[in-house]
Every structure is written in C-alpha cells, then in structure tokens.
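A.B. asks: task: produce atomic coordinates for the following.
(2 chains)
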Amino acid sequence: MTVSALTRPGERDRLIVKFGEVDWVFGLTLFLIAGSGALMLFSIAGSSWDPWAAKHLARFGLCFAMMIMLAMVDLRVWFALAYPIYGLGLLLLLAVEAVGDVRLGAQRWLSVGGFSFQPSEVMKLGIVLALARYYHGASADRARLSWWLLVPAAMIGVPVLLVAHQPDLGTAMLIAMTGAAIVVLAGLSWRIIIAGITAALVAIPPFVMFVMHDYQRKRVLTFLDPENDPSGSGYHILQSMIALGSGGLLGKGYGLGSQSQLNFLPEKQTDFIFATLAEEFGFVGCVTVLAFYAAVIFMGLRTAYVSHSHFGRLAAAGVMATFTLYVLINGAMVMGLAPVVGVPMPMLSYGGTVMLTVMIGFGLVQSVRVHRYSEVTSGKGSLV
Amino acid sequence: MAEPAIFFAEVNERQGEFHRRAFMLGGFAGLGLTALAGRLAYLQLAQTQRYEKMAVSNQFNFKLVPPPRGLILDRNGAVLAANRPNFRLLVHRDKDLDTDGTLKTLANFVPIDQDRHERLLREISRAPKRAPVSIMEDMSWEQFSAIHVRAPAMPGVTADMGEVRVYPHGGAFAHVIGYVAKVNKEDIKPEGPNADPIMLHPGFRIGKQGIEKAFDLDLRGRPGAQKVEVDANGREVRHHTEGDIPAIPGKEIQLTLDVDVQNRALEVFGEESGAAVMMDCRTGDIICMASAPSFDANRFVRGLTGAEYRQLANYERKPLLDKALSGLYPPGSTFKTMTALAALEAGIDPEGRVGCGGGMYFGGRYFHCHKKGGHGMQNMRDAIKNSCDVYFYSVALRIGPDRIAKVAREFGLGQLFDIGISGQKKGTVPDQAWKARYFRKRPRAEQIWYPGENLSYGIGQGYLQTNCLQLAVMTARLANGRKALNPRLIKSIGGQELPSGAAVPDLPFAAEHIEYVRGGMAAVTEAGGTAFRASQLGLGDILMAGKTGTAQVRNYDKGGNRGKGGPWRLRDHGLFVAFAPLDQPRYALAVVVQHGMGGSTAAAPRAREIMRTALLKDPEIRARIEKPMPMPEIAPEIGESVPDETINAPGPPQLTPAAAPASNTPPGVPT
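C.D. replies: This is a model prediction of the structure:
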C-alpha cells in the first residue's frame, strides 16, 4: 500500500506502512557500493575475508539495520532533538579541546568507557539538523538577506573553528561546506553567495602560506607539483595516479593490481580504495561505481524534494550535500585533483566512523522520506 | 492564539526557492561526478601507457646475477682456474629487520662469535639499502639447507648459491694467473667497465694480479639479471623466470703453459727461491714460468687474515714476488754465450787460444778465473765448456761494451716483452751511451766507460741485470738459431688465437756463429763440461745443451768465502740456461736459483728435471725415445757417477729396459 498526501494520518503512523515507505532502491544501491568496497577489500587482503572485507560487510549490515530503525523515528523527534544534538556536539568538541587524546599529532579523539570516537563526527550531523531546524522557522526574507543570517553563520563558525583547532582541517572544511550548502539551499541571496566565493578564493593563498600547519601546507604544495618529491609527500598522489592510469579501460583483473597488491599504494584499504578499484576494474568499473554514487545522490535529493516540511527538505538535502562532498573530495584527491586530505570514499572505504556517520545521516534522509507528509511545527506553532 | 510566524505565501516561496536550489545542488553533484569521470577517462584511457610503464617499473626489479668467470686453461686444456659452487649466507637491510636478533638466530646455524657479531652489525648498518652483506661463505650443505628453509620467515636473510674461484693447482700458477678478490672501494670507478653495478654484488670478484687482473674484462663476462617482483618495501615477492636475462660467461683464456712442467718446476725448487722459464724454441710459447717459493692463490680468494698476509710478505724468500719477471739477476757466466757471439761477429777467430793461469792483471787489479789453477790454453769452445773467465776477459777487452750490448739486446736481454701480464722488470744491458746517460748527474769521470769494466761485462757481471724470462728468450733464440722469437703466454682468448711468437724477423747474425755458440753449449754438458754431471737427461740420444752461471751478489775483493756459504742473502745466485734436444732444439729453459750458490750444483739439476718433464710429454720426443732398439749393448763402464745432493731425481722414465742405453742411465741408478 502506498502512502499519499490523502492517506489517513493514523494509517501513516503504522510501522508496517512506514517500513514500506523506506526507499529500498536507495538501500540496494548503498549495498552495491558497500559490496564493491568489500570486493576490493577482499582482493587487497590477498583474497581473504580477513582483515577487512568481512568486517566491512558486517558493519554495513549493522549500520543498514540502524538506518532502517532511524528511518522509523518520527521526523518531529528529529526536529525536537536538532538543537540538543548540536549542543552536545559543541560540548564534546570543547571536551576534546580539554581532555582529548592526541593521535597522529592531532587532538581529535575522545574516549568514553574504553570506546573512543571523534566528536567532529557528531557535529557533521548536528550542523545539518541545527541549521534545518533554524531555517524551518525562518522566513524567506530572513534566509535571503538579513542580519538574522549572523545566527547560522555563528552556528557554522563555532564548530568549524573548534575542529580546525584540533587540527583537523579536512573535517572543518567539510562541516563548513555542509553548513554553507544548507544556507544556500535555504535561499541565500546570490550577492552573498558570489561575494563569499570570491572572498574564499582570495583568502586561500594567504591562508595556505600563513595559517596552515607545516604538514598541511606541504600537502597542498605537493598537490600542486606531485612529481617534485615522488618518494616523499608526493608519493601518495603519484602512486594513486599510477594505479588509476595503469588500470586502463578494463583494469588488470581482479586481484591482479600490482600497485595495491604490492603495497605501492598507500592507505589502499581506506582513503585510496578507489584507486585499487580503478586499477583492477579499470575505467568501466570506476564509472559503474560513480554511477552508484550518482544514483544515491539523486534519490537522496529526490527525497528532499518531495518532503512537505522545510525541516525535512533541508535536513535531507544537507545530508546529501555532505555525502556529495565526501565523494567529490575523495575522488578528486585520488585522481590528483585535490591535496591529500583524510576524506574517505563513503561506503567504499574501510572504516567504521565514516560508515556510521553516513548511515545515520541516511537514516535521517529515510525518516524524511517516510514522514514526508508529517506536519512539523515549531514552538511558535508555525505551519509545515 | 499566536500569530503565525510564516504565512502560506512565504511557505510557498521558501519551498519554490528550495526546489530551485536543490535542483542546482543535484546539478552540481552531477557536474562534479562528470568531472571525475572525465578525469578518469583522461588518466585511464588517454594516459594508460605512461602509467602502465610506471606501474611496471614499480613492480619489477632486475636483480643482477654475476656471470661465471671465464676458465683459464693450460696449453692442453687442463683447468688452471675454475669456479666451484659456494653456499653463501647473506643479510640485507630491511624495514622489519632486527639485525641484532637475526644475527643471534643465525648464530644457531653458523658460527658467529661475539667479535664477528659486532663487526657484521656495523657492516650491515653501513651497507647501502638492499645491498646484501655476506655473513658466511662456503657453508656446508647442512648449514645451507637449514637456513634456506627458514629464510622466508626471517626478513632480510637469504641463503644462495654463488660461485667462487678455485685454483686447482694451488701455488704453481699463483704468479702467472694471479687471483681474484673482493672488490675494494678503490676498484669502483665513476665510469668505464668498473662502474658496472655488478661491482657492488657481494658475490662478485675482481682480478687483482696476473692474468686475472690483466684480462679481467675478458674473464668477467656479462652479468645477467633475474626478473623479480618486489613490493613497496623492496622485498622479493616472486621470481619471474621467463623474464630472466641469462648471464654471459666470461671468455676462456688458454695459456701456453703446461700444467705438468709448471708443477714439476715448482716441485724441484722445494723451499729454494728462484724462477724457471721454459719456452718452445720453435714458437716462442712459454711452457713454464714458475717462481718459487709460491703461495696458495685460493687463500687470497677467501681473503687473507692480517697475520697470514704478514707471514707471506715478511718471509725472506719473498713468495709474493714473481721472480720470473720482476727478479733481476746478473746473468753471470750464462752471458758468455753472448760475449762469444759478439766476438764471432766482431771477427775474432774462435780457434785462437788464450792462456788461462787462474786469472789476469788488468789496470792494476787481479781478475780471478773461477778455477784457481787456471784452464791452460783455451779456444772459444773450450772456454764456453769450462766457463773460463780469463778467455772472456780478454775477448771482452778486445771488442768493447757496445758490440756485446748489441748482441745481448738482439737476444732479448734488457728488453720488455708483451706477454699480457705486467710485472716485468727491464734490467740493464750497459754500453758506453748507457753509462753516460745513467751517470749524467755525476762528475764526467764517472760517465766514461773504462776498459776494466769490459772484463766483468764479458762474464756477465757488472752493471748487467736481466730477468729470468729474458734469459729464457735468449736461450730460445740461440736454440732456434734463426728467428728472434718472442715469448707468448696467452694462447687464445675466447677461442681467438693470439699471434705466434715465431712470426718475427730473423736475427741479424750469421747462422754459423750462432751454431758455433750452440756447439759450445753442447760441450758444457759433455764429459768434462761444467754441467756434465747435472745435465744428463737419461733419455737416450736426446741430449741437453746449456750454460751454467754463478752470479756474484756482492764484490768479493775483500776476500772471504766467495759467496759459497755464509748468510743466505749473501750467497751467489746459481743459473743455468739450457735447450734440448741438442740436434733438434724444442725447448729452451732458464733457471735461476737465488742464492743457490753454484749454477752447476743448484740450477742445472733442476733444469734437467724440468726439461725431462717437458720432453717426456712431447709426443714426438717420446716416439724417438721409445723407438725399439735392435739389441741391448753391453754397458760400458760408467764414468764418475755423482749422486745428486740437491734433489732426488726420480728414476728413469718408463723406458723399455731394452731401449735404455746404458751410457745414458742417470747416475745413482743401478744398472
């Protein structure tokens, strides 16, 4: 039974109906991506489920189940929790500033009862929810051009600065860009958009030269000329491009990628897994997986499009914007179009944190889809 | 009722704006993904070949394989230098290598004491990355297999089979062939053949002396390569046999030396010091070129310890010195052949007699003959036979130094020969011009050649200095009688025959004069000649002719024991030059026994043994000896049979009793 705007309100709340409203094609596409990831992880482990492939699939299974459960959560609950989650994220970021573990030279991790996680991941979701919540109650004029815009600017700025201070420039930029995407989607004036882009472009060179840490600057400079230092910091990019290029049209064959199998490719199971795929399955394999991503983005945006609540629209679109940024940044990095930043290819790369974040986000997206006809009221009793 | 914050119109406006913007976001995502696909197309379709090449150069390494070193053979193909398998244990630096622990583990299988452990630690840490360091050479099969099966579990450890040079005849050829040893830093040159990366291979050896050094590039061959797949840490993952480039073995070098003659030469020297050079009088081939005492070249291949080296270097009899080429000796009375020929060429009648009363006065000095009582009246033949000094004093006085020097030089004395290996010392054949040149910084009076100097020149003393090879060349040219034979040591390189030493112009001397001198040399080994007793070959009608020589090491004007005793280093040198068979000369030989005292007692018996070995190996000579005789004759009385004190001559060769003429039975053998 399909739900429509005319379906009785009580009928829509039945769990079985909600279950049927989940976008199962979306779920299947996610499985195809995660399955491709497992396939590659199996190959680079020397045709072994250990240590990555089996775990990757198991994680995906768990996250998928969680995504379905989150999809069942009423959108109004999400709405109600939007600010608290954002607030929690801020608190955790402050906590990490005070007591966080230092790993690999950066203070990013927080350990709670033997379980460690990065608060910045919470903030990735928190920023989407909080901005969607804010704009839900803001008029078109306010969203376009007004002093009220300082509120979302501050909501984005504070966590971005905290994450950048860790320092985790990649995540900070990701949060900033996600926030910016929602602000733009909410109807920001073109004048500010253009002024903002111009300012960003002007600010990049002095930012790179004077604000960045040495290793960050080095990555950027290496990106600009990777063959300058092929065995040093240019190594990652160069080896990745060799893996890609040598794959050719159809690839070297499954399990036969010399770059990944012989460890020339760095971080082959995480950030550079796309290069492994490219090497073994070639252009055809790459385009297929990119098509999966395109389908996921398309279906996610369609969900945002059909939502009746502004909160739902912006939340779903915000999650999809984050996801899109992940894909584009990782793709550009692997292909030598962007500096090496620690952004994995979502669902394809091995790694629990990103999988969890993305799937929670997709849980929100599916919740928006399942509850697309729900009325979401702000405290002031505004409509839809 | 609170006023709604947002009205419907605004809601629709917000929704419409969002829809447009969401559409743009979709467009942006689509554009981004298309851009990625475009980049992929560029890398994977347009640039494939470039990146494929880079991937292959990442994936495969070529590991150098040292080529088998060329063999060195004697004139009959007997192996003088070969290669044998060598099980080696190598360790190279690896990311995961715990050098200390690995060496301790290895110490369970091969002996590594504390001292060596520390030295190896240093060596491994200093070695270039991935350049293996040899931990042990020549492991037993048990040690090799024990480590070989465990090697995959020990990063950086390999047990492999290489080749090592071996000289089956130990010391006999050590001076001629030389030896190979590990490559030193000084051996590696920035360019040229010694810049080859194979030089860094731990199994590679480079020629350090003699033939091994002179023909190193010929013997070396071209290294091959093994195609191995490596991972990012440089560890070998797989070996692709189909991609191997086979090593090209070094060229084979055949020498003119004969293994048996050479071995016999070294054997007869025992602990005596000296040299023996034998040449083929028809071709110039060097049959034997030995220097005694010698050393075991195999020890140098393995690497000498400091103590071993000092022992060799400090030994008074200089085993490391090649006395055949770089030892210079006054030729002594062997030079009388040259003086005689110079006299004949100067028109002196050989039948003219000179009276010898045991010496002669000249320039206020008394010049002794070696025979105190004198030889009486001597013609040239007698004088050669008896080695009468007085005769040659007077002859030399008459002809002067320049004529003698001309003959000596034509016969190879004071000359360098291109035999392929280095180390020859030129020596001195003096004449007036030489003396003026040599003493040009001294007062004029010292530059003049004084007639008194002719006397010692005539008997092969004075400034005259020759090496053993030159003496052999001189003898070979005398024996040949016609050609100015050049010595040849290298018969062929890689199957390419080198020019024979017989392709040379004739000697510019009258054949009958040379014939006369040869007659004199024949008389030396006849009954009554200086070398009669010591030069009987015992090979039937095959006779040896020769000339003895005893060269003073110092001046005995002050009296004393005339070099016949006392400290070893002050004793006379004993020399003997010889050729055989007398009627059809085949082999010419020069033997120098350093501080051996007498030419006839120290050098001639040794020369006889060396000559016998060469003759008995010659099929034509054998045929002559073994020719059945009609009937054994009744043995005539044997003359003075003096047992040989210096060396024990072996029994006669395998002659049929019937074929052995009794008159030629060697002394000391019961008949």
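A.B. asks: mind listing the helices for the stretch 51-200 of chain B?
C.D. replies: For the stretch 51-200 of chain B, the helices defined by DSSP state H, counting those that start in this stretch cover B:99-106, B:114-126, B:141-150, B:174-177.
A.B. asks: packing partners of the first one?
C.D. replies: For helix B:99-106, the packing partners by 3 or more Cβ pairs under 8 Å, 6 or more residues apart in numbering or on different chains; DSSP states H and E come out as strand B:79-91, helix B:114-126. C-beta: built from backbone N, CA, C; applies to glycine.
A.B. asks: which helices and strands does the first one pack with?
C.D. replies: In terms of contacts (3+ Cβ pairs under 8 Å, 6+ apart), strand B:79-91 is packed against strand B:72-73, helix B:99-106, strand B:133-136, helix B:141-150, strand B:157-166.
A.B. asks: angle of that strand against helix B:99-106?
C.D. replies: Angle between the axes of strand B:79-91 and helix B:99-106 is 120 degrees (criterion: axes from the mean of the first three to the mean of the last three Cα atoms, to 10 degrees).
A.B. asks: in strand B:79-91, which residues are buried?
C.D. replies: Residues of strand B:79-91 classed as buried: B:79, B:80, B:81, B:82, B:83, B:86, B:87, B:88, B:89, B:90, B:91 (neighbour count, 16 or more other Cβ atoms under 10 Å in any protein chain shown).
A.B. asks: with the last one instead?
C.D. replies: Of the residues in helix B:114-126, those with enough neighbours to count as buried (16+ other Cβ under 10 Å) are B:116, B:120, B:124.
A.B. asks: and the angle from that helix to strand B:79-91?
C.D. replies: 80 degrees.
A.B. asks: can you give the distance of the helix or strand hosting residue A:43 from its chain's centre?
C.D. replies: Assigned by DSSP states H and E, residue A:43 belongs to helix A:24-44. In terms of Cα atoms, centre = their mean, to the nearest Å, the centre of helix A:24-44 is found 17 Å from the chain centre.
A.B. asks: quick one: it near chain B?
C.D. replies: No. Applying Cβ under 8 Å from any Cβ of the partner chain, one finds helix A:24-44 out of contact with chain B, separated by at least 12.4 Å.
A.B. asks: who touches the helix or strand containing residue B:360?
C.D. replies: According to DSSP H and E, residue B:360 maps onto strand B:359-362. Outside strand B:359-362, the residues that touch it by Cβ atoms under 8 Å, 6 or more residues apart in numbering or on different chains are B:366-369, B:374, B:389-390, B:393-394, B:397, B:451-452, B:455.
A.B. asks: now secondary structure and distance to residue A:139 too, for these, in TSV please.
C.D. replies: Shown next, in TSV, are the contacts of strand B:359-362 (DSSP: H, G, I helix; E, B strand; the rest coil; distance: Cβ to Cβ, whole Å):
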residue	secondary structure	distance to residue A:139
B:366	strand	143
B:367	strand	139
B:368	strand	140
B:369	coil	142
B:374	coil	148
B:389	helix	138
B:390	helix	143
B:393	helix	139
B:394	helix	142
B:397	helix	139
B:451	helix	137
B:452	helix	136
B:455	helix	136
